[in-house]
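Colleague: 3D, please:
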Amino acid sequence: MPANFYEVKPYTSELTEDWKSVLLMATNATLMHDRAFLDYHPSGKFQDCSVIVYKDNAPVAVFSAHRKGKLVYSHKGLSYAGLIHKPSSFNQKLNCYQYLLKYYDSLGINTLQIKETPSIYDFNPNESTAYIMHLAQGEIIQMELSLAIKLPLRVTNKGRKANIKQANLAKLEIIESKNPNIFWEELLLPNLENRYGKQPTHCKEEMAFLMGKFPQNIRQFNVYKDDQVLAGATVYLTPNCLHTQYLASNRQGREQHALDALIQYLCENFAGKRQFLDFGHSNENQGLNINRFLFKWKESFGANSIVHNHFQVPVSGWKRLEDVYNYTS
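Modeller: Predicted structure coming up:
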């Protein structure tokens, strides 16, 4: 077998240990890429088309994906996906995508869509994916603008500082809960329905199931005053970030700035353990509009903008990746 031999294998349960071995060493893996998280979706909702990339018979990358006709998505059931890989050079990442696209081409797929994992989730952040997509004649079909706080928290906005101070004087109590029921029923569902006319992505039963599967990675924090719940956050913990998957408060919580106190609490308790608190995006209409109030609220904590790209690339692009180093003047 020649050196630098790449092979792509479709994921099956027999390859679970190979999948896990990549996640253990990957620079950009999160709980989203764990097979237990991927497989919680109802049977039949997604036609799995995930793969593992091998170099010299060793697994070096995984790609969570599902198929719909001649399209492969990575991944509509996840907040983000794309190539999850062990520490690698640009050349190895290029080769992974080349053989990945070639494999899907062999299945009769026409197009691949990727919701890329944002750079802040990578211990060694780089922007090479966008360049590789460009080389393969891919395009950005959607962009979202997330906001993330670089820890430790340093609030300079005068209004936000005053609100945090007021919340601290109110002596609010922050308690971690083992189940999401109170938060869902008393805060999240009424808040989303009354203010935005929406439902959360997960029902409380799904979230309770996921919290049971990932007790160290999915955690619920609630804010109380005199035994009455005012606000809460469902938090996803990854090696590099904590992400506020859901945030909500009621009228009394808004009056007492309970979420301000909760954000300060999370930042202080995880500073030194994580690099970022990720608020997620505040976009609507496929990323073309911004909820101004949410965006300004997040930005007032000192959060900076992070671009979240969605790529579409023809699988035939593997041929162009094959020729990257063959240019002659």
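Colleague: can you map out the helices along the stretch 151-300 of the chain?
Modeller: With DSSP state H, counting those that start in this stretch as the criterion, the stretch 151-300 of the chain has helices at 158-169, 181-182, 189-196, 204-213, 251-255, 258-270, 292-299.
Colleague: Pull up the pairing partners for the lowest-mean-pLDDT helix or strand in the chain, direction included.
Modeller: Lowest by mean pLDDT, DSSP states H and E among the helices and strands of the chain is strand 283-284, with a mean of 84. According to DSSP bridges, strand 283-284 forms sheet pairs with strand 289-290 (antiparallel).
Colleague: tell me the mean pLDDT for the strand it pairs with?
Modeller: The average pLDDT for strand 289-290 rounds to 89.
Colleague: returning to that earlier point: for I52, which of the helices of the stretch 151-300 of the chain is the nearest?
Modeller: Proximity to I52 (Cβ to Cβ) singles out helix 204-213 among those, at 21.7 Å. Yep, even glycine has a C-beta here, placed from its N, CA and C like the rest.
Colleague: and the closest one, which residues are buried?
Modeller: Using 16 or more other Cβ atoms under 10 Å as the burial criterion, the residues of helix 204-213 that qualify are K204, M207, A208, L210, M211.
Colleague: Could you export those as a markdown table, including pLDDT?
Modeller: Conversion of the buried residues of helix 204-213 to a markdown table gives the following (pLDDT from 0 to 100):
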| residue | pLDDT |
| --- | --- |
| K204 | 94 |
| M207 | 95 |
| A208 | 95 |
| L210 | 94 |
| M211 | 95 |
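Colleague: Would you format those residues as a markdown table with distance to P10 included?
Modeller: Below are the buried residues of helix 204-213 laid out as a markdown table (distance: Cβ to Cβ, whole Å):
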| residue | distance to P10 |
| --- | --- |
| K204 | 34 |
| M207 | 30 |
| A208 | 32 |
| L210 | 25 |
| M211 | 30 |
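Colleague: mind listing the helices for the stretch 1-150 of the chain?
Modeller: Listed in chain order, the helices of the stretch 1-150 of the chain (DSSP H, counting those that start in this stretch) span residues 16-25, 35-38, 90-106, 128-135.
Colleague: Output the third one as PDB - backbone C-alpha positions only.
Modeller: Pointing back at helix 90-106 there. Only the C-alpha atoms of helix 90-106 are listed here, as PDB (Å, rounded to 0.1, in the frame of the first residue of the first chain):
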ATOM      1  CA  PHE A  90      -3.900  21.800   5.000                       C
ATOM      2  CA  ASN A  91      -2.900  19.200   2.500                       C
ATOM      3  CA  GLN A  92      -4.500  16.400   4.500                       C
ATOM      4  CA  LYS A  93      -7.700  18.300   4.900                       C
ATOM      5  CA  LEU A  94      -7.700  19.000   1.200                       C
ATOM      6  CA  ASN A  95      -7.300  15.300   0.500                       C
ATOM      7  CA  CYS A  96     -10.100  14.400   2.900                       C
ATOM      8  CA  TYR A  97     -12.500  16.600   1.000                       C
ATOM      9  CA  GLN A  98     -11.200  15.400  -2.300                       C
ATOM     10  CA  TYR A  99     -11.900  11.700  -1.500                       C
ATOM     11  CA  LEU A 100     -15.100  12.600   0.300                       C
ATOM     12  CA  LEU A 101     -16.500  14.300  -2.800                       C
ATOM     13  CA  LYS A 102     -15.200  11.500  -5.000                       C
ATOM     14  CA  TYR A 103     -17.000   8.900  -2.800                       C
ATOM     15  CA  TYR A 104     -20.300  10.800  -3.000                       C
ATOM     16  CA  ASP A 105     -19.800  11.200  -6.800                       C
ATOM     17  CA  SER A 106     -19.600   7.400  -7.000                       C
END
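Colleague: for the helices of the stretch 151-300 of the chain, which one sits closest to L23?
Modeller: L23 lies closest, by Cβ to Cβ, to one member of the helices of the stretch 151-300 of the chain: helix 204-213, at 14.7 Å.
Colleague: returning to that earlier point: run the chain-centre distance for the least confident helix or strand of the chain.
Modeller: Computed by Cα atoms, centre = their mean, to the nearest Å, the chain-centroid distance of strand 283-284 equals 16 Å.
Colleague: quick one: low-confidence parts of the stretch 151-300 of the chain?
Modeller: The model of the stretch 151-300 of the chain has no residue with pLDDT under 70.
Colleague: Please identify the deepest-packed of the helices of the stretch 1-150 of the chain.
Modeller: For those, average neighbour numbers computed from mean count of other Cβ atoms under 10 Å are highest in helix 90-106, which has a mean of 20.
Colleague: That one versus helix 128-135: what angle between them?
Modeller: For helix 90-106 against helix 128-135, the angle by axes from the mean of the first three to the mean of the last three Cα atoms, to 10 degrees is 50 degrees.
Colleague: Give the other helices and strands that helix 90-106 contacts.
Modeller: Contact here means 3 or more Cβ pairs under 8 Å, 6 or more residues apart in numbering; DSSP states H and E; on that basis helix 90-106 packs against strand 6-10, strand 51-55, strand 58-63, strand 83-85, helix 128-135, helix 318-322.
Colleague: Just give me the neighbour total for the residue nearest to L23 when sequence neighbours are not counted.
Modeller: With Cβ to Cβ, 6 or more residues apart in numbering as the measure, A29 is the residue that lies nearest to L23, at 4.3 Å, once sequence neighbours are left out. Counted with other Cβ atoms under 10 Å, the neighbours of A29 add up to 24.
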